[in-house]
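>>> just to be clear, the model below is a prediction. Sequence and coordinates:
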Amino acid sequence: MGSTEHGRVSVREFQANGSRMAASEVEAKLDQGNIQEAEDSLREGLSLNFEEARALLGKLEYQRGNVEGALRVFDGIDLQAAIQRLQSSFSEKPPGKKGRAHTESASGSQHAASLVLEAIYLKAKSLQKLEKFTEAANNCKRILDSVEKIFYQGIPNIQVDNKLQEIVSHAVELLPELWKQAGCYDEAISAYRRALFSQWNLDNDYCARIQKSFVMFLLYSGVEASPPSLAVQIEGSYVPKNNLEEAILLLMVLLRKFSLGKMKWDPSVMEHLTFALSICSQTSTLAKQIEELMPGVYHRIDCWNSLAFCYSGAGQNDCALSLLRKSLHKHERPNDITSLVLAARICSSDPHLAAEGVIYAQRAVNNARDQNEHLKGVALRMLGLCLGKQSKVASSDSERSRLHSKALESLVAAIKLEPNNSDLIFELAVHYAQHRNLSAALRSARHFFNQTGGSMLKSWRLLALILSAQQRFSEAEVVTDAALDQTARWEQGPLLRLKAKLKISQSRPMDAIETYRYLLALVQAQNKSFGSSQISSKVLDDKINEFDIWHGLANLYASLSRWKDAEICLQKARELKKYSAAVMHTQGVLFEGRGQNDEAFLATINGLLLEANHVPCKILMGGMIQRLGPKFFCAARSALSDALRIEPTNRMAWHCLGLLNKQDGRISEAADCFQAASMLEESDPIESFSSIL
C-alpha cells in the first residue's frame with residue numbers, strides 16, 4: 001500500500017525526507033516495550049529530530065488502538081519547546097534575494113509543525129477516550145493558541161500545508177465538544193465563538209458543522225449564554241441578546257450558505273429554525289424563509305403544508321386554509337391527517353366554515369389508523385369543536401340540537417382516548433357550560449384546574465363563571481380574589497372585569513364602579529409602560545383594553561339612570577373605537593332612557609349596519625318596534641327571533657319575545673317564552689362562556 005508525503009503514516013511504512021521504513025520494524029520494537037529503540041530507528045532511518053520521531057510513534061500507537069501507550073509516548077515530548085522553535089522558524093523574515101529558499105524553509109517548518117501539532121491533537125483525542133475531558137480540552141486549546149502565535153503576522157504569499165490546515169480544522173471543531181463533555185459550558189461557548197470569529201481558514205463543511213453544533217447547544221442545552229464579548233463585536237453589527245437570537249442568526253447564515261451553493265442541503269437546519277422561530281411566535285418569518293428556498297428542496301405539497309402551519313401560527317388563517325385546500329385536493333394528498341386536523345382547527349374558529357371543518361375532521365377520524373392511530377383523539381376533538389361551531393348557524397332548533405349532541409359525543413369520545421389532555425378537558429367543560437349542564441361543567445372545570453395546578457388564568461375564570469351561572473356569586477368572588485392573589489399585575493384585567501360584574505350581580509354598583517376605576521388605572525399604566533402602539537398585543541390576555549372598560553362603565557351608569565356619567569364614559573369609548581356596534585347599542589339605550597325614541601332607533605340601526613348579527617341591537621330594536629303598535633308586531637318578532645337564532649340562550653331575547661306574544665294575545669307562546677327566560681336566568685353567567693375561548 002502507498003504512503004503519504006513527509007512524515008505521514010501508512011499502514012505498512014513510514015516515509016519522510018526522501019527515505020522509507022517498514023512500519024513492521026517499528027511495531028515490533030513497540031510490542032517489546034522498547035520505545036527508545038523504536039524512536040532511534042525512526043530518527044536514523046528517516047532523518048527526524050526527537051519531537052518528530054516521538055510524534056510519529058505516538059500516532060502509530062494511537063492508530064493501533066493503544067491509547068494509553070500513545071499517551072506514554074506523547075508525554076515524553078517537550079511539546080512547548082517544539083512549539084517555541086516552530087514559532088521562531090516562522091517568524092524569521094526571508095532574505096531579500098532568496099525567496100525560493102525561504103519558501104522551501106517555510107514549507108519544511110509547516111511539515112514539522114504538522115507533526116508536532118498532530119501529536120498534541122492525538123494526545124487530546126486519547127485523553128478524551130479515557131474520559132479526561134478537561135485535560136483533553138486544555139491540550140486541544142494549546143493547538144489553537146500555538147497556531148495563533150505561529151501565524152500572528154500571517155504568511156499571505158505561502159499556502160498553508162494541507163496537513164497543517166486539516167489538524168487545525170479538527171482541533172477547532174473538537175475543542176467546544178471537549179468543554180461540553182467536561183461540563184465547562186462557559187468555556188464551550190467561548191470555544192464556539194472563537195471558532196466562528198477567528199480566521200482559521202475553515203472550509204465550508206467544517207464551518208457548517210460547527211455552526212450547527214453551536215445552534216443545537218444554544219437551543220437545547222438549557223445553558224444561558226452571555227452576549228459575545230466587546231472584543232469580537234464589530235461596530236454597527238447586530239449583537240444577539242440571548243440564546244434564541246444567536247441560534248436564529250446562525251441558522252439564517254447556514255440557509256444563506258446553502259442558497260449560495262456553499263454547502264449541501266441539510267434538512268435539520270430547517271427543523272431547528274422551525275423550532276426556534278415557533279418559540280418566539282415568528283412563524284411569518286419562517287414562512288418567508290421557506291418561500292425563499294430553492295425550488296426542489298421541498299416537494300410542493302410539503303411546502304404548502306409547512307407554509308399553512310406558519311400562516312396559521314401567525315394568525316393568517318385565510319392564507320393557511322387556502323394552501324390546505326390545495327394540499328388536500330383529491331389529486332394531491334387528500335388523506336394527510338396532519339393537514340386535515342389543521343384545516344379542521346382553522347374552520348372551527350368560524351361558524352360559516354364549520355361545516356367544511358366537519359368534513360375535514362371526519363376524514364381525519366377515518367384515516368387515524370396504523371401509525372396515525374394516536375391522532376384519532378385529536379381528530380375527534382376537532383370534530384366536536386367544528387360541530388359545536390356549526391350549531392350556531394343551524395337553520396332550525398332540531399338541527400341545532402342534533403349538532404350539539406354530536407359535538408358532545410365527539411368530545412367525550414376524544415377524552416376517552418386522551419384523558420389527560422388539559423386543552424380537551426377545558427373545551428369539554430366550556431361545551432357543558434354553554435349548554436347549561438352546569439354540574440358536568442363544574443366537574444370538568446375542577447379537573448382542568450387540578451391538571452394545570454391553577455397556573456392558567458382561564459381555569460380560574462371558568463370556575464368563577466360556572467359558579468356565577470349557579471347563582472353562587474359570593475363563592476365566585478372568592479375564586480376571583482384568590483386568582484387575583486396568584487396573578488401578575490398586568491394579567492389581572494379579565495379577573496377585575498369579572499369582579500366588577502359580580503359586584504353588579506350582588507347589587508353593589510358603587511363597588512363595581514370602584515373596581516372599574518382600578519381596572520382603568522391599571523390599563524392606562526400599562527399603556528404608558530408598553531406604549532400605545534404595542535398595547536393591543538400586550539393587554540391582559542388580549543381580552544381587556546381601555547375601550548372595554550369605558551364601555552362597561554357606560555352600561556353600568558346607564559343601568560343606574562346616571563345619563564350624564566354614562567354619556568361621558570361612552571364618549572371616551574367612542575374616541576377609542578369610532579365604529580362599534582356595542583357603542584351604538586349603548587347610545588340607543590341612553591336615548592331611549594331619556595325618551596328620545598327616534599334617536600334611539602337610528603343609533604340601533606347604525607349598530608346593525610356596522611355588525612349585522614349584533615344581538616343586543618336586535619333585542620333593543622325588537623322592543624322599540626313592539627311599542628309602535630300591533631301593526632309592527634311582525635317586524636318586532638322577526639328581530640327577536642333572529643336574535644335567538646344567533647344566540648339561543650339569551651334570556652333577554654326570550655323575555656322580550658314573551659312580552660310581545662302576551663301583547664299579541666298569544667298567551668301560551670308567551671308562557672313558554674317566559675319559562676325559557678326564567679330557566680336561563682337561573683343558569684345565566686355574568687359573562688358569556690365564549691369570552692374565555
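Nice, thanks for sending it over.
>>> ok so residue 21 is a strand residue?
Yes: membership of residue 21 in a strand is supported by DSSP: H, G, I helix; E, B strand; the rest coil.
>>> can I assume it is in contact with residue 44?
No: using C-beta atoms under 8 Å, residue 21 is not in contact with residue 44; the gap is 9.3 Å. (Each C-beta comes from the backbone N, C-alpha and C, glycine too.)
>>> so between those two, which is more surrounded?
The neighbour count for residue 21 versus residue 44, taken as other C-beta atoms under 10 Å, is higher for residue 21 (18 against 12).
>>> beta partners for that one?
Applying DSSP bridges to residue 21 gives these bridge partners: residue 14.
>>> now do it, the pLDDT please.
In this model, residue 21 is scored at 72, pLDDT.
>>> same question for residue 667.
Predicted confidence (pLDDT) for residue 667: 94.
>>> likewise residue 108?
As summarised for this prediction, residue 108 has a pLDDT of 55.
>>> strands of this structure, start to end?
Assigned by DSSP state E, the strands in the chain fall at 13-16, 19-22.
>>> all the helices of the stretch 151-300 of the chain, residue numbers only.
162-181, 185-197, 204-220, 243-259, 267-279, 283-291, 300-313 (DSSP state H, counting those that start in this stretch).
>>> tell me the average confidence for the last one?
Which is helix 300-313. For helix 300-313, the mean per-residue pLDDT is 93.
>>> with the second one instead?
When the per-residue pLDDT values of helix 185-197 are averaged, the result is 92.
>>> give the buried residues for that helix.
Residues 185, 187, 188, 189, 190, 191, 192, 193, 194, 195, 196 are the ones in helix 185-197 that count as buried (16 or more other C-beta atoms under 10 Å).
>>> pretty sure residue 305 sits against residue 328.
No: applying C-beta under 8 Å as the test, residue 305 and residue 328 come out as separate, 9.5 Å apart.
>>> pick out the residue nearest the middle of this structure.
With distances taken as C-alpha atoms, centre = their mean, residue 279 lies nearest the centre of the chain, 2.2 Å away.
>>> wait, it sits on residue 244?
Yes: between residue 279 and residue 244 there is a contact under C-beta under 8 Å: 6.4 Å.
>>> residues shared between the contacts of those two?
Listed as contacting both residue 279 and residue 244 by C-beta atoms under 8 Å, 6 or more residues apart in numbering is no residue at all.
>>> now do the contacts for residue 308.
By C-beta under 8 Å, 6+ apart, the neighbours of residue 308 are 319, 320, 321, 323, 324, 327, 339, 342.
>>> farthest-separated two in those?
Spanning the widest gap among these are 319 and 339, at 14.5 Å by C-beta to C-beta.
>>> about what we covered before: please enumerate the shared neighbours of residue 305 and residue 328.
Listed as contacting both residue 305 and residue 328 by C-beta under 8 Å, 6+ apart are 336, 339.
>>> now the residue lying closest to residue 310 once chain neighbours are set aside: how far from residue 316?
Nearest non-adjacent residue to residue 310, counting by C-beta to C-beta, 6 or more residues apart in numbering: residue 287, 3.7 Å away. According to C-beta to C-beta, to the nearest Å, residue 287 and residue 316 sit 9 Å apart.
>>> what about these two, which has more around it?
Shown here are residue 287 and residue 316; by other C-beta under 10 Å, residue 287 has more neighbours (22 against 17).
>>> and the helices in the stretch 501-650 of the chain?
Remark: helices assigned in the stretch 501-650 of the chain by DSSP H, counting those that start in this stretch are 509-530, 535-538, 546-559, 563-576, 581-593, 597-610, 615-626, 633-646.
>>> out of these, flag the one nearest residue 270.
helix 535-538 (27.2 Å).
>>> please report the number of neighbouring residues for residue 283.
When neighbours are counted by other C-beta under 10 Å, residue 283 comes out with 20.
>>> for it, which non-adjacent residue is spatially closest?
residue 313 is the one closest to residue 283 (C-beta to C-beta, 6+ apart), at 3.5 Å.
>>> what's near enough to touch the one you found?
Neighbouring residues of residue 313 by C-beta under 8 Å, 6+ apart: 278, 281, 283.
>>> reformat those as JSON lines; add distance to residue 420 and pLDDT.
Converted to JSON lines, those look like this (distance: C-beta to C-beta, whole Å; pLDDT from 0 to 100):
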{"residue": "278", "distance to residue 420": "23", "pLDDT": "91"}
{"residue": "281", "distance to residue 420": "26", "pLDDT": "88"}
{"residue": "283", "distance to residue 420": "27", "pLDDT": "91"}
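>>> tabulate those residues (TSV), appending distance to residue 564.
Listed next are these as TSV, based on distance: C-beta to C-beta, whole Å:
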residue	distance to residue 564
278	51
281	44
283	48
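>>> which among the residues you listed gets closest to residue 227?
residue 281 (22.5 Å).
>>> contact partners for that closest one?
For residue 281, the contact set (C-beta under 8 Å, 6+ apart) comprises 313, 314.
>>> can you tell me how far it is from residue 244?
Separation of residue 281 from residue 244 (C-beta to C-beta): 11 Å.
>>> with residue 334 instead?
As for residue 334, its distance to residue 244 is 37 Å (criterion: C-beta to C-beta).
>>> those two: who's more crowded?
residue 244 (17 against 13).
>>> enumerate every residue touching that one.
Taking C-beta under 8 Å, 6+ apart, one finds 218, 219, 276, 279, 280 in contact with residue 244.
>>> tabulate those residues (CSV), appending distance to residue 210 and pLDDT.
Below are the contacts of residue 244 laid out as CSV (distance: C-beta to C-beta, whole Å; pLDDT from 0 to 100):
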residue, distance to residue 210, pLDDT
218, 13, 94
219, 15, 94
276, 18, 93
279, 23, 90
280, 24, 89
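>>> now, of those, which are buried?
Among the contacts of residue 244, those buried by neighbour count (16+ other C-beta under 10 Å) are 218, 219, 276.
>>> just give me the neighbour total for residue 261.
Counted with other C-beta under 10 Å, residues neighbouring residue 261 total 9.
>>> to clarify, my last question referred to residue 474.
Neighbour count of residue 474, defined by other C-beta under 10 Å: 9.
>>> the closest residue to residue 462 other than its chain neighbours and residue 59: what is the separation?
Take residue 462 and drop its neighbours on the chain: the residue closest to it by C-beta to C-beta, 6+ apart is residue 445, 4.8 Å away. Distance, residue 445 to residue 59, using C-beta to C-beta: 70 Å.
>>> the two: who's more crowded?
For residue 445 versus residue 59, neighbours defined as other C-beta under 10 Å are more numerous around residue 445 (28 against 21).
>>> do you know how far the more buried one is from residue 459?
Distance from residue 445 to residue 459, by C-beta to C-beta: 7 Å.
>>> where do the contact lists of the two overlap?
residue 426.
>>> worst-scoring helix or strand of this structure, pLDDT-wise?
In the chain, the helix or strand scored least confidently by mean pLDDT, DSSP states H and E is helix 535-538, which has a mean of 40.
>>> just the CA atoms of stretch 497-507, as CSV, please.
What follows is stretch 497-507, C-alpha atoms only, in CSV (Å, rounded to 0.1, in the frame of the first residue of the first chain):
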residue,chain,number,x,y,z
ARG,A,497,-63.8,42.8,34.9
LEU,A,498,-65.3,39.6,36.4
LYS,A,499,-65.1,41.1,39.8
ALA,A,500,-66.9,44.2,38.7
LYS,A,501,-69.7,42.2,37.2
LEU,A,502,-70.0,40.1,40.3
LYS,A,503,-70.5,43.3,42.3
ILE,A,504,-73.3,44.3,40.0
SER,A,505,-74.9,40.9,40.3
GLN,A,506,-74.9,41.3,44.1
SER,A,507,-76.5,44.8,43.8
